[in-house]
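[1] Pasting the sequence and the predicted model now:
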Amino acid sequence: MTSTPQPRAFWLTVVLPFGAGYFVTLMYRSVNAVLAHPIETELQLNSADLGFITSTFVLTFAAVQIPLGMMLDSWGPRKTQSLMFLIGAAGIVIFSLSSSVSLLATGRAIIGIGMAGGLMAAFKAIADRVDRDDIPFYNGIILGCGGLGAIAATTPAKLIEVAIGWRELCLIMGGVTVAAALLIFVVNREPPDVRRSRPGLPAQIDGLREILANRAFWRVVPIFATANGGFIAMQGLWLGPWLQHVEGFTPLRSANYLLLVAVAMTAGLVCGGLFARVAKAMRLSLAAFAGLCIGLQILTGIAIVAGFHSTSTGLWLAYGFLSTAVVLYYAVITRYFPSDLAGRAVTTLNISAFGFAFVVQYLFGIILHLWPGATAHPILGYRAAFGCLIAVEILALLAFVLLGQRGQRGQDPPRT
């Protein structure tokens, strides 16, 4: 890695195109919370159908993370991301033209493949070009761009859907995806020294084995998976129905609250550097500080489930803002491995989060559908499903703390 010699060119050829790419990725990840109501109404779907359709996105997203890491190391972020976005565009076209559960799920699954590299490709492109000390700043910009995509998937997406319909909204998203693919492919160029240093397949497989054998890596996996995957599952689908069926909001008011969550999430994403400074001032490691924030977010979730000020905008802002502290574990993980393994380590970590998000999105719908004596939208079923998620998050947090204490006794030495 070298320092950026031409800042303006770097912004135009790396930050802008890959920031646009992550904008698109977060838009897709979040928009089903808005699309759920019109799709459910038009096609007469039940909660289990809705959970299954939406969850296929995170399932395929998780499934391709390891091959994605290898593609990024072999092909580079430019070619990898351009190709995958074109796959994603094909998926949203299939989704927009579908009227059955199987076709909707297929389209959503293809979208998940296409969006799988949105963040990792950006991180890789940045890491290939700048000094290590500059990486957190530029990563924060990319994360902020993604937050804007999540914002676009709330009230703005709802207003477009109301005006022209959900199918037409999906086709517009497909056009935006193709434009992002072309932008990345046309304006981005990779440094020659990076192309020459790419590892072969045997070396990549050996590196993966090293990652999976690392005990510190497995300490982070449960808390990262439950905190990140749980939020992805809720923001990407079930927060919208929760606000409508539990809190009694209209679809538009629900979208406005989702907007609050997305704005708070975006603010948190761009505050990654501030989080690190606060952790240092508190004399906490990044891992411990992230765990503290996750504990606070769990408390906000408990308040929402219990109905304690559950329509307070401050509570939902806190829920969205605190959710972003989990991204600190990306920095934590990269400290466990040499730089040439960092990309594969992060994509391997991603599998846990998106795999867990698939389970949550799918089982949440199953719980609602099978809730004893359930109406179409059982309020107690919603509370039970969200409560189960929070219980699992609490267990993961406790495991993280206990394993950390073991490490301090010398059995699993922390490196953060």
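    Yes, it's here. Numbers count the residues shown, from 1 in each chain.

[2] use CA for all of it now, contacts and neighbours both
    Fine.

[3] so after the helix or strand where residue 299 lies, what's the next helix or strand?
    Here residue 299 is covered by helix 286-306, with elements defined by DSSP states H and E. The C-terminal neighbour of helix 286-306 among helices and strands, as given by DSSP H and E, is helix 313-323.

[4] quick one, the helix holding residue 299 and helix 313-323 angle?
    Comparing the axes of helix 286-306 and helix 313-323 via axes from the mean of the first three to the mean of the last three C-alpha atoms, to 10 degrees yields an angle of 150 degrees.

[5] and helix 286-306, what does it pack onto?
    helix 272-281, helix 313-323, helix 328-334, helix 379-408 (3 or more C-alpha pairs under 8 Å, 6 or more residues apart in numbering; DSSP states H and E).

[6] chain center to that helix: distance?
    In terms of C-alpha atoms, centre = their mean, to the nearest Å, the centre of helix 286-306 is found 17 Å from the chain centre.

[7] That one versus helix 379-408: what angle between them?
    With the same axes, to 10 degrees as the basis, helix 286-306 and helix 379-408 are set at 160 degrees to each other.

[8] Contacts for helix 286-306, please.
    223, 227, 276, 279, 309-310, 315-316, 318-319, 322-323, 325-326, 328-329, 332, 383, 386-387, 390, 393-394, 397, 400, 416 (C-alpha atoms under 8 Å, 6 or more residues apart in numbering).

[9] what's the burial count for residue 43?
    For residue 43, the tally of surrounding residues (other C-alpha atoms under 10 Å) stands at 12.

[10] How about it, nearest residue that isn't a chain neighbour?
    In space, residue 43 comes closest to residue 99 once its chain neighbours are excluded; the distance is 6.7 Å by C-alpha to C-alpha, 6 or more residues apart in numbering.

[11] Poorly predicted segments of this structure, please.
    Low-confidence segments of the chain, defined by pLDDT under 70: 1-6, 132-133, 192-201, 339-340, 373-376, 405-416.

[12] Tell me how far stretch 85-101 lies from the chain's centre.
    Relative to its chain's centre, stretch 85-101 lies at 20 Å (C-alpha atoms, centre = their mean).

[13] do you know how far residue 326 is from residue 269?
    10 Å (C-alpha to C-alpha, to the nearest Å).

[14] what's the answer for residue 371, then?
    From residue 371 to residue 269 the distance is 36 Å (C-alpha to C-alpha).

[15] Residue 368 now?
    In this view, residue 368 and residue 269 are 32 Å apart by C-alpha to C-alpha.

[16] So if I had to pick from the two, which one is more boxed in?
    More neighbours surround residue 269 than the other of residue 368 and residue 269, with 29 against 25 (other C-alpha under 10 Å).

[17] related to what we said a few turns ago, send the alpha carbons of the helix holding residue 299 over as PDB?
    These are the backbone C-alpha positions of helix 286-306, laid out as PDB (Å, rounded to 0.1, in the frame of the first residue of the first chain):
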ATOM      1  CA  LEU A 286     -12.200  -1.500  20.500                       C
ATOM      2  CA  ALA A 287     -13.700  -5.000  21.100                       C
ATOM      3  CA  ALA A 288     -14.800  -4.100  24.700                       C
ATOM      4  CA  PHE A 289     -16.200  -0.700  23.700                       C
ATOM      5  CA  ALA A 290     -18.200  -2.300  20.800                       C
ATOM      6  CA  GLY A 291     -19.500  -4.900  23.300                       C
ATOM      7  CA  LEU A 292     -20.600  -2.000  25.600                       C
ATOM      8  CA  CYS A 293     -22.500  -0.300  22.800                       C
ATOM      9  CA  ILE A 294     -24.100  -3.600  21.800                       C
ATOM     10  CA  GLY A 295     -25.300  -4.000  25.400                       C
ATOM     11  CA  LEU A 296     -26.900  -0.500  25.300                       C
ATOM     12  CA  GLN A 297     -28.600  -1.400  22.000                       C
ATOM     13  CA  ILE A 298     -30.000  -4.500  23.600                       C
ATOM     14  CA  LEU A 299     -31.500  -2.300  26.300                       C
ATOM     15  CA  THR A 300     -33.200  -0.200  23.600                       C
ATOM     16  CA  GLY A 301     -34.500  -3.400  22.000                       C
ATOM     17  CA  ILE A 302     -35.900  -4.600  25.400                       C
ATOM     18  CA  ALA A 303     -37.700  -1.200  25.800                       C
ATOM     19  CA  ILE A 304     -39.200  -1.500  22.300                       C
ATOM     20  CA  VAL A 305     -40.500  -5.100  22.900                       C
ATOM     21  CA  ALA A 306     -41.900  -4.100  26.300                       C
END
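
[18] what's the angle between that helix and helix 272-281?
    Computed by the same axes, to 10 degrees, the angle between helix 286-306 and helix 272-281 is 110 degrees.

[19] buried sites along helix 286-306?
    Within helix 286-306, the residues that qualify as buried are 286-302, 304-305, counting by 16 or more other C-alpha atoms under 10 Å.

[20] ditto for stretch 232-252
    In terms of neighbour count (16+ other C-alpha under 10 Å), stretch 232-252 has its buried residues at 232-246, 249, 251-252.

[21] who's in contact with residue 135?
    When the contact criterion is C-alpha under 8 Å, 6+ apart, the partners of residue 135 are 126-127.

[22] what helix or strand is it on?
    Taking DSSP H and E as the definition, residue 135 sits inside helix 135-152.

[23] what residues does the helix or strand following that helix touch?
    Next along the chain after helix 135-152, taking DSSP H and E as the criterion, comes helix 155-164. If you take C-alpha under 8 Å, 6+ apart as the criterion, helix 155-164 is touched by 31, 34-35, 168-169, 252, 255-256, 258-259.

[24] and what of stretch 54-74?
    29, 32, 80, 105-106, 108-117, 121, 124, 198-201, 204, 233, 237, 343-344, 347-348, 350-355, 357-359, 361-362.
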